[in-house]
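K.L.:
Kindly return the folded structure for what I paste below:
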Amino acid sequence: MTIDPLLLALVGVLIVVTAILWLRLEAFLALIAAALCVGLLTPPEAIERAALARNVPADEASSLARQPAGERVARAFGSTAASTGILIGLAAVIGRALLDSGGADRIVRSLMALVGHARAPLAFSASGFLLAIPVFFDTVFYLMIPIGKALALRTRERYGLYVMTIAGGATIAHSLVPPTPGPLFVASALDVDVGQMMVVGMALGLVATVAGGSYAYLVDRHWPVPLRDSSEMPLDSLKTLANRDIAELPSLWASLLPIALPIVLIGGTTLVDGETGGPLGGLLERVLREVGDKHVALALATVIALILLARHGKGRAESARTLQTALAGAGSIVLVTSAGGAFGGILQQTGVGEALRSLTATAEIGILPFAFLLTALLRTAQGSATVAQISAVGIVGALASPGALGFHPVYLAAAIGFGSKPFSWMNDSGFWVVSRMSGMTTTETLRNFSGQLAVMGVAGLIATMIAAALFPALS
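P.N.:
All right, here's what the predicted structure looks like:
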């Protein structure tokens with residue numbers, strides 16, 4: 001019996017959404033359940049046909065079709081864990097060490113001092129974007145909202161603008177710049193170099209951040225949000241946090257180093273790869289290739305972050321607890337990301353890529369809005385931006401060869417990232433983090449935070465389509 005690949009993909013997505021929303025299962029269990037169900041429903045001949053379409057050798061395609069669904073799910077899970085697990089673990093340690101050593105606080109304060117209180121929204125947006133590269137969105141918001149509240153206590157104005165610029169800068173990096181799990185997984189699934197994803201994600205993310213900041217200024221002008229007390233973060237508790245002695249914090253260069261080093265090494269390797277010549281150039285290229293490897297670069301940054309924690313932390317016992325907390329959190333993210341890889345791998349075995357290719361006739365630039373809308377639909381349905389990215393790339397990933405797309409697949413990865421922005425509402429944990437910690441009402445959060453994310457997503461898609469049309473080869 002032949003089952004339409006698009007129907008199989010729809011079944012898988014419905015299982016994920018229903019399991020998360022109705023059964024309240026964790027994303028890991030929902031994704032694994034969907035992968036197993038789709039794997040069991042996919043006929044062997046469809047698996048073999050899809051593998052041959054991806055240029056898999058005939059004997060390997062036949063062997064794959066004969067494997068039980070559970071084994072195929074496990075192999076796809078393991079493949080994803082191998083490509084992303086170490087990076088997620090190292091990034092979690094870097095982020096937690098920056099927070100507990102005071103390095104993240106130093107970055108925010110230094111930017112504030114550089115631009116002044118009048119341009120505080122710019123400092124908040126830049127700090128949020130920078131810190132969200134190694135640190136998850138929720139944690140960045142927890143870190144920065146006390147500073148925004150403390151400033152609003154002094155100025156008695158623009159509090160809503162502070163909230164939006166903190167959230168806007170952090171959330172866009174969370175979906176576009178590795179090593180955060182969503183963009184890291186999408187880049188791996190589309191075979192996009194992590195360095196290229198970093199460079200393009202930051203460039204296009206800047207455009208979206210400017211658009212989100214413009215929206216924030218407009219909304220704050222017409223619907224200002226007053227500073228309110230909240231049980232999650234009472235205003236009386238802000239004075240100690242906001243007035244921490246800056247002499248206790250690490251220096252700015254030391255605080256920036258764990259973030260900047262992997263960006264420079266990984267991105268630099270991408271930019272100079274193959275450009276050097278001669279014996280010295282060849283040696284330089286080999287050295288850059290080794291230290292610019294994503295695992296090595298993140299490992300070096302982790303060492304620096306741990307030194308920072310040792311010098312400015314609260315002792316060995318507290319530092320050990322910091323690492324345990326970071327790695328425990330990373331473990332759950334690795335499980336979700338790898339389960340998403342299993343789901344995506346099984347979806348590709350259904351032949352959904354060929355089915356999509358036949359529907360679009362020629363992918364070209366039209367695949368970008370399609371990927372954006374698909375991801376946005378998944379985000380709106382089940383709430384998680386990361387799960388939406390993982391699910392969407394599993395469906396459109398088979399279209400990712402430059403020959404089929406007509407442009408570099410990094411643009412498809414960016415379109416998926418921007419698609420994970422609209423629409424954040426009550427089923428998104430990040431929505432409630434922003435609402436409760438900021439003290440905004442549900443209506444204010446929908447208008448300010450959710451509206452801003454939608455504007456940023458659309459602006460990012462437009463920028464991505466323009467970049468794909470102007471620089472398709474990305475040489």
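K.L.:
Spatially nearest residue to the residue nearest the centre of the chain, not counting backbone neighbours?
P.N.:
By Cα atoms, centre = their mean, the chain has its centre lying nearest to residue 175, at 3.1 Å. In this structure, residue 175 finds its nearest non-sequential neighbour in residue 417, 4.3 Å apart by Cβ to Cβ, 6 or more residues apart in numbering. All C-beta atoms are positioned from the backbone trio N, CA, C, and that covers glycine.
K.L.:
Let me know the next secondary structure element after the helix or strand that contains that neighbour.
P.N.:
In the assignment (DSSP states H and E), residue 417 maps to helix 410-419. Counting by DSSP H and E, the element after helix 410-419 in chain order, helix or strand, is helix 429-438.
K.L.:
Can you point out the buried residues in that following helix?
P.N.:
For helix 429-438, a neighbour-count test (16 or more other Cβ atoms under 10 Å) marks 430-431, 433-435, 437-438 as buried.
K.L.:
now do stretch 436-451
P.N.:
Going by neighbour count (16+ other Cβ under 10 Å), the buried part of stretch 436-451 is 437-440, 444-451.
K.L.:
show me where pLDDT drops low in the stretch 151-300 of the chain?
P.N.:
Residues of the stretch 151-300 of the chain that meet the criterion pLDDT under 70 lie in 155, 230-245, 267-284.
K.L.:
where do the helices sit along it?
P.N.:
Counting by DSSP state H, counting those that start in this stretch, the stretch 151-300 of the chain forms helices over residues 159-176, 181-189, 194-222, 238-242, 252-272, 278-291, 294-312, given from the N-terminal end onward.
K.L.:
right, so the ones you listed: which one is the most enclosed?
P.N.:
Looking across the helices of the stretch 151-300 of the chain with neighbours counted as mean count of other Cβ atoms under 10 Å, the highest average goes to helix 159-176: a mean of 30.
K.L.:
Between helix 410-419 and it, find me the angle.
P.N.:
Per axes from the mean of the first three to the mean of the last three Cα atoms, to 10 degrees, the angle that helix 159-176 makes with helix 410-419 is 140 degrees.
K.L.:
Export the buried residues of helix 429-438 to TSV and append columns for distance to residue 201 and pLDDT.
P.N.:
Written out in TSV, the entries for the buried residues of helix 429-438 read as follows (distance: Cβ to Cβ, whole Å; pLDDT from 0 to 100):
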residue	distance to residue 201	pLDDT
430	19	79
431	23	84
433	23	80
434	22	85
435	27	84
437	26	77
438	26	84
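K.L.:
Dump these into JSON lines; add distance to residue 303 as well.
P.N.:
Shown next, in JSON lines, are the buried residues of helix 429-438 (distance: Cβ to Cβ, whole Å):
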{"residue": "430", "distance to residue 303": "31"}
{"residue": "431", "distance to residue 303": "36"}
{"residue": "433", "distance to residue 303": "31"}
{"residue": "434", "distance to residue 303": "34"}
{"residue": "435", "distance to residue 303": "38"}
{"residue": "437", "distance to residue 303": "32"}
{"residue": "438", "distance to residue 303": "35"}
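K.L.:
List just the nearest of the residues you listed to residue 190.
P.N.:
Proximity of these to residue 190 (Cβ to Cβ) peaks at residue 430, which lies at 24.4 Å.
K.L.:
That closest one is in contact with residue 436, isn't it?
P.N.:
No - when contacts are counted by Cβ atoms under 8 Å, residue 430 is not listed as touching residue 436 (11.0 Å).
K.L.:
packing partners for the helix holding residue 417?
P.N.:
Applying 3 or more Cβ pairs under 8 Å, 6 or more residues apart in numbering; DSSP states H and E, we find helix 410-419 packed against helix 159-176, helix 181-189, helix 194-222, helix 367-382, helix 385-396, helix 451-470.
K.L.:
so what's residue 103 up against?
P.N.:
Under the criterion of Cβ atoms under 8 Å, 6 or more residues apart in numbering, the contact list for residue 103 reads 97, 249-250, 254-255, 258, 305, 308, 312.
K.L.:
Nearest spatial neighbour of residue 72, chain-adjacent residues omitted?
P.N.:
Spatially, and ignoring its direct neighbours in sequence, residue 72 is nearest to residue 39 (5.6 Å; Cβ to Cβ, 6+ apart).
K.L.:
I'd like to check the angle between the strand or helix carrying the one you found and helix 385-396, please.
P.N.:
Following DSSP H and E, one finds residue 39 within helix 27-41. Interaxial angle of helix 27-41 relative to helix 385-396 (the same axes, to 10 degrees): 20 degrees.
K.L.:
List of residues touching helix 27-41?
P.N.:
Taking Cβ under 8 Å, 6+ apart as the criterion, the residues outside helix 27-41 that touch it are 3, 8-9, 11-13, 15-16, 19-20, 23, 25, 69-70, 72-73, 76-77, 332, 335-336, 339-340, 342-343, 345-347, 349-350, 384, 386-387, 390-391.
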